[in-house]
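Visitor: kindly return the folded structure for what I paste below:
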Amino acid sequence: MLNWFKGEEEEEEEEESLQDTTLSSSKMLRISDELSVGERLAVDARKAVAAEALGQLLGKNVSKNEVPVVAVLGSGGGIRAMLSLLGSMEGLQETGLLDCVTYICGVSGSTWAMSQLYEEVDWSTKLPTKDISDKLVGEDFSWEYVKELIFEKGHLRKRMVKAASKEVFSLTDIWAATVSYLIGTENTSTLSNHQESANNGQNPYPVYAAIDKDTFDSEKEPHPPETWFEFTPHECGFPCHGIFVETSDFGSKFENGVKTEHHSEPDMCLLQGLWGSAMGDLTYLWHYLKEKVKNLVHKSHDEHSEDVFYQSGGFSCSFLRTVWDDLKFVYKTHKALSHWKFGTTFNYLYKCPLEGKDENINNIHNVIKKEFLSLVDAGLAINCAYPLMLQEKRKVDVIISLDYSNGDVFMTLNQAKAYADAYNLPFPPVDKKGQKPQDCNVYSDASTPTVIHMPLFNDSNKNESTISDYGTSKMRYSQEDIDRLLKIAKENITRNKGKILEEISKKMQSKE
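Guide: Numbers count the residues shown, from 1 in each chain. Model prediction:
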């Protein structure tokens, strides 16, 4: 009977899924502690660009083998972080340092900027800052309007109803629609499509961070390495397990390490909601969703039933399908609310065989028993994704931490140091006794990566603005707000060109 309610488009999608399952059932996971082939080739190509850039900045010939791996970390912080990362990129580009950067790794609000930048194949040569930031200018933010937008109006409501038909529907689907309103675009591209923006070395290689909610809920701090999940244009996975799925297959069903059922790769809109799910006012979200779910069926019936009934002489198939879709949406939303369910996706590690792996490591037996994962905002753990860039496989020499966090400007640095010490990862000594929050704080040691910690608001720009002017809950910005924030973030970089270049040069000399 349920097939009666399916539209032609839905039936075509099912047929396509069945075909894809047959064609792709031999797809397997990659088990390795090394970089994927795609990332390795992209990074190698990027080093050639960096060698030329460093040669010009230093006034000498630089070989590709001498190039240090430089990783830029963009923190969370909602729209503030999104805009600030754009300003920082402008500063890096103006100083010539952007071409020296190998990786950009983002958390939460920074991922909203990154995911839009990588829509442009040559973004690092002509930054689309204005195009992105112009979408943020508007009147005061209104949750009431968001409610109407998602539950009652147009394409976002259709998006929600369609999402509710899937087994992995969660509150992240609803939050993603909210994010698309906040940042002014519903990005239906996919992360695997961004390979074109990374493969030839024309841009730094992008890495996006998330965490496993179930592992994060543990009481152990710092949270264990198996908490961290990474997304790249080529593959996704838990780096601590060394088991990865191709990005184009993320969201498909796997069992015993083999793809058993193909599902379309999630679009960037959903991923933006997943990566940036911490900044939402979850208590408020609970209340307005609860109220809307109560009224949704009645409203849908009132709007459609009388006209459709009398025009057709009875219940039409389209009316029944509308009611059925709304009921599914209501049921799924209620279920997600009752379990406070976020970031649900099929677990690619489900029943994964462990041949060649240490079966006692990282609690992997608990992971492979779960049919679903719950991935959420990595900023809940550490608001800069140091754990992803401290991995041995990436061989990072210099970390530039662009910290747009609210509160203690040294919190992410302290958390990163604690994480590294707990899990025996290389990290320089950190001594902050009596230290003021400077715009460029350098921590270095010959045997560890150099860490350059750059808080957004600091002693150098304290007379221009403060974090209180750009709270994380601030959802709408005037043009003046945007211009000032872009300028502050940009000048933090341009003021410190010499210091940053000096630290990169030191690491380069150690490679000679």
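Visitor: switch to C-alpha atoms for all contacts and neighbour counts from now on
Guide: Fine.
Visitor: tell me which element K47 falls in.
Guide: Per DSSP states H and E: K47 is located in helix 37-58.
Visitor: now swap in L86 and tell me
Guide: Element membership for L86, per DSSP H and E: helix 78-95.
Visitor: now for V168: which residues touch it?
Guide: Counting by Cα atoms under 8 Å, 6 or more residues apart in numbering, V168 makes contact with T344, T345, F346.
Visitor: cutoff 6 Å now
Guide: Going by Cα atoms under 6 Å, 6 or more residues apart in numbering, V168 touches T344, T345.
Visitor: go on, the one 3 residues further on?
Guide: Contacts for L171 were tallied using Cα under 6 Å, 6+ apart; they are F342.
Visitor: residues contacting the helix holding L86, please?
Guide: L98, G109, S110, W112, A113, Y404, T472, L486, A489, K490, I493, T494.
Visitor: only the buried residues of that helix, if you could.
Guide: Across helix 78-95, burial judged by 16 or more other Cα atoms under 10 Å covers 78-93, 95.
Visitor: next: stretch 475-482.
Guide: Of the residues in stretch 475-482, those buried (16+ other Cα under 10 Å) are M475, R476, Y477, I482.
Visitor: ok, Y419 - contacts?
Guide: Residues counted as contacts of Y419 (Cα under 6 Å, 6+ apart) are P222.
Visitor: a markdown table for the buried residues of stretch 475-482, including secondary structure?
Guide: Shown next, in a markdown table, are these (DSSP: H, G, I helix; E, B strand; the rest coil):
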| residue | secondary structure |
| --- | --- |
| M475 | coil |
| R476 | coil |
| Y477 | strand |
| I482 | helix |
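Visitor: between those, which is closest to N199?
Guide: When the buried residues of stretch 475-482 are compared for distance to N199 (Cα to Cα), I482 wins out at 31.7 Å.
Visitor: look up how far R476 lies from that closest one.
Guide: Distance from I482 to R476, counting by Cα to Cα, to the nearest Å: 10 Å.
Visitor: also G138?
Guide: 6 Å.
Visitor: same question, N61
Guide: Distance from N61 to R476, by Cα to Cα: 47 Å.
Visitor: one step back: any idea how far the helix holding K47 is from the middle of the chain?
Guide: Centroid separation for helix 37-58 versus its chain: 24 Å, with Cα atoms, centre = their mean, to the nearest Å.
Visitor: from the contact counts, what lies against the next helix or strand after it?
Guide: Later in the chain than helix 37-58, the nearest helix or strand by DSSP H and E is strand 70-74. Here strand 70-74 touches strand 103-106, strand 398-403, going by 3 or more Cα pairs under 6 Å, 6 or more residues apart in numbering; DSSP states H and E.
Visitor: list just the one of the ones you listed that sits closest to S264.
Guide: Each of those has some distance to S264 by Cα to Cα; the shortest is strand 103-106, at 23.9 Å.
Visitor: partner strands of the closest one, parallel or antiparallel?
Guide: Next to strand 103-106 in the sheet, as set by DSSP bridges, lie strand 70-74 (parallel), strand 205-212 (parallel).
Visitor: and for the longest one, what's in contact with it?
Guide: The reference is to strand 205-212. Under Cα under 6 Å, 6+ apart, the answer for strand 205-212 is 103-107, 198, 227-232, 275, 374-378.
Visitor: for the contacts of helix 78-95, give me TSV that also has neighbour count and pLDDT.
Guide: TSV is the format used below for these (neighbours: other Cα atoms under 10 Å; pLDDT from 0 to 100):
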residue	neighbour count	pLDDT
L98	22	98
G109	31	95
S110	32	98
W112	28	97
A113	24	98
Y404	29	97
T472	20	82
L486	23	97
A489	28	98
K490	23	98
I493	26	98
T494	19	98
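Visitor: which of these fall in strands?
Guide: Among the contacts of helix 78-95, none falls in strands (DSSP state E).
Visitor: measure F231 to S115 for me?
Guide: From F231 over to S115 (counting by Cα to Cα), the distance is 11 Å.
Visitor: show me what contacts A48?
Guide: Counting by Cα under 6 Å, 6+ apart, A48 makes contact with K64.
Visitor: what does the helix or strand hosting K499 contact?
Guide: If you go by DSSP H and E, K499 is part of helix 497-511. Taking contacts as Cα under 6 Å, 6+ apart, the residues outside helix 497-511 that touch it are E66, V67, P68.
Visitor: and the gap between the closest residue to A113 other than its chain neighbours and D481?
Guide: Spatially, and ignoring its direct neighbours in sequence, A113 is nearest to M82 (5.0 Å; Cα to Cα, 6 or more residues apart in numbering). Going from M82 to D481 by Cα to Cα gives 13 Å.
Visitor: now for V121, how many residues are close by?
Guide: V121 has 18 neighbours, counted by other Cα atoms under 10 Å.
Visitor: how about the residue lying closest to it once chain neighbours are set aside, secondary structure?
Guide: The shortest distance from V121 to any non-neighbouring residue, by Cα to Cα, 6+ apart, is to S197 (4.4 Å). At S197, secondary structure determined by three-state DSSP is helix.
Visitor: is it true that S197 touches W123?
Guide: No - using Cα atoms under 6 Å, S197 makes no contact with W123, being 8.2 Å away.
Visitor: who has more neighbours out of those two?
Guide: Between S197 and W123, S197 has the larger neighbour count (other Cα under 10 Å), namely 23 against 16.
Visitor: for R46, see how far away the more buried one is.
Guide: 12 Å.
Visitor: so for the closest residue to T232 other than its chain neighbours, what's the pLDDT?
Guide: Taking Cα to Cα, 6+ apart, and ignoring the residues beside it in sequence, T232 has V207 as its nearest neighbour in space, at 5.0 Å. Note for V207: predicted pLDDT of 98.
Visitor: now find how far off-centre stretch 456-474 is within its chain.
Guide: With Cα atoms, centre = their mean, you get 24 Å for stretch 456-474.
Visitor: what's the end-to-end length of it?
Guide: With Cα to Cα as the measure, stretch 456-474 spans 16 Å from end to end.
Visitor: ok, then the element right after the helix or strand bottoming out on mean pLDDT in the chain?
Guide: Ranked by mean pLDDT, DSSP states H and E, the weakest helix or strand in the chain is helix 8-24, scoring a mean of 41. Per DSSP H and E, the first helix or strand lying C-terminal to helix 8-24 is strand 30-31.
Visitor: neighbouring strands of that following strand in the sheet, and parallel or not?
Guide: Using DSSP bridges, strand 30-31 pairs in its sheet with strand 243-246 (antiparallel).
Visitor: for V67, see how far away W228 is.
Guide: 28 Å.
Visitor: likewise for N193?
Guide: For N193, the distance to V67 (Cα to Cα) stands at 28 Å.
Visitor: with neighbour numbers in mind, choose between those two.
Guide: Each of N193 and V67 has its neighbours counted (other Cα under 10 Å); V67 has more, 27 against 16.
Visitor: just give me the residue closest to the centre of the protein.
Guide: W275 (3.7 Å; Cα atoms, centre = their mean).
Visitor: verify the stated contact: that one with G379.
Guide: No - counting by Cα under 6 Å, W275 does not reach G379; the two are 8.8 Å apart.
Visitor: can you pull out the helices in the stretch 251-400 of the chain?
Guide: 268-275, 282-312, 317-338, 364-368, 386-389 (DSSP state H, counting those that start in this stretch).
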